[in-house]
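Predicted coordinates and the sequence they were generated for:
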Amino acid sequence: MDTDLLNSIKTYAKAVIGLTTDARDVYLDSIIKGVYTDITDKGVAVSDSLKDSIVSYIGDFVAWNYRTQGGSDTMPRTFEYRLHNLVLASMRTNNDDYKSVY
């Protein structure tokens, strides 16, 4: 994960949460890196065309995780739907075979 993407996601997440200081940056960085690893393991390829969607998804997910402090057992359905859409969009932008069939 490049530092520009990490900083974009962190800035977005801090705005959603309402944090104005850098006191929680190390904690947020670890959550961001974990979520990034999870979505790339699920097949989401980071590309310029998906960057805004990825920043939004990871930022919102980090904010939810921060607020619940990882205490919730299940991911909200909205995050499941958005992740599914990211996987499909990633397939569309990165797979020539998929583009030619559909």
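Structure received.

what residue ranges in this structure score low on pLDDT?
94-102 (pLDDT under 70).

now the helices for it?
Counting by DSSP state H, the segments of the chain that form helices are 3-17, 25-41, 51-68, 77-94, 96-101.

out of these, deepest packed?
Among the helices of the chain, ranked by average contacts under mean count of other Cβ atoms under 10 Å, first place goes to helix 51-68 (a mean of 18). Any C-beta I mention is one placed from the backbone N, CA and C, and that applies to glycine too.

quick check, distance from that helix to the centre of its chain.
Helix 51-68 sits 5 Å away from the centroid of its parent chain (Cα atoms, centre = their mean, to the nearest Å).

Restrict it to CA atoms and write it as CSV.
Listed next in CSV are the C-alpha coordinates belonging to helix 51-68 (Å, rounded to 0.1, in the frame of the first residue of the first chain):
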residue,chain,number,x,y,z
LYS,A,51,-9.3,4.6,-6.1
ASP,A,52,-12.1,6.9,-4.9
SER,A,53,-14.4,3.9,-4.2
ILE,A,54,-11.7,2.1,-2.3
VAL,A,55,-10.9,5.2,-0.2
SER,A,56,-14.6,5.6,0.6
TYR,A,57,-15.1,1.9,1.4
ILE,A,58,-12.0,1.5,3.6
GLY,A,59,-12.5,4.9,5.3
ASP,A,60,-16.1,4.1,6.2
PHE,A,61,-15.2,0.6,7.3
VAL,A,62,-12.4,1.9,9.5
ALA,A,63,-14.8,4.5,11.0
TRP,A,64,-17.3,1.7,11.8
ASN,A,65,-14.5,-0.5,13.3
TYR,A,66,-13.2,2.4,15.3
ARG,A,67,-16.6,3.2,16.7
THR,A,68,-17.4,-0.4,17.6
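
Nice, that's everything, thank you.
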